[in-house]
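Peer 1: build the 3D model from these lines:
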Amino acid sequence: MTDLDPQIEGTPLIAPSTTDHPLYEDIVAACRSVYDPEIPVNIYDLGLIYTIDINDASEVNITMTLTAPGCPVAGEMPGWVADAVEPLPGVKQVEVAMTFEPQWGMEMMSDEARLELGFM
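Peer 2: Below you'll find the predicted structure:
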């Protein structure tokens, strides 16, 4: 590591999700209801949802990406995710942030997505 390297040693490229929060599974299910219009697989199984962070006040921060920076729905998809998650009982507020670090790759897809797309 050098002083110019922004990656801090030991810090994961994708922050861990709050998987032990009672709302986590419902939020994942809501994310699975959102589809990339160009690919017939939901965005969660595509691996586009990087982090679901839920604090003690049930405020949700989601970090996501796209399959490509030039995706035609880049400006709309975070809103689709927020619209899917906000109505869930117990969710106080939702913020969706877009990132391209790390860049999405096909290895981020779930086995279900790979099977659906014929990669398995």
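Peer 1: where along the protein do the strands fall?
Peer 2: 49-54, 59-64, 93-98 (DSSP state E).
Peer 1: CA atoms of the first one as CSV?
Peer 2: What that stands for is strand 49-54. The C-alpha coordinates for strand 49-54 follow below in CSV (Å, rounded to 0.1, in the frame of the first residue of the first chain):
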residue,chain,number,x,y,z
ILE,A,49,-27.1,-4.4,-4.7
TYR,A,50,-23.8,-4.1,-2.9
THR,A,51,-24.8,-3.1,0.6
ILE,A,52,-28.0,-2.9,2.6
ASP,A,53,-27.2,-0.9,5.8
ILE,A,54,-29.9,-0.6,8.4
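Peer 1: and it, how far from the chain's centre?
Peer 2: The chain centre lies 6 Å from the centre of strand 49-54; the measure is Cα atoms, centre = their mean, to the nearest Å.
Peer 1: returning to what we had before: looking at the strands of the chain, which is closest to G75?
Peer 2: Among these, the nearest to G75 by Cβ to Cβ is strand 93-98 (9.2 Å). The way it works is simple: take the backbone N, C-alpha and C, and place the C-beta from them, glycine included.
Peer 1: mind listing what's buried along the closest one?
Peer 2: V94, V96, M98 (16 or more other Cβ atoms under 10 Å).
Peer 1: burial check on the closest residue in space to the last one that isn't next to it in sequence, number of neighbours?
Peer 2: When the adjacent residues along the chain are set aside, M98 lies closest to P78, with 5.8 Å between them (Cβ to Cβ, 6 or more residues apart in numbering). Close neighbours of P78, defined as other Cβ atoms under 10 Å, add up to 18.
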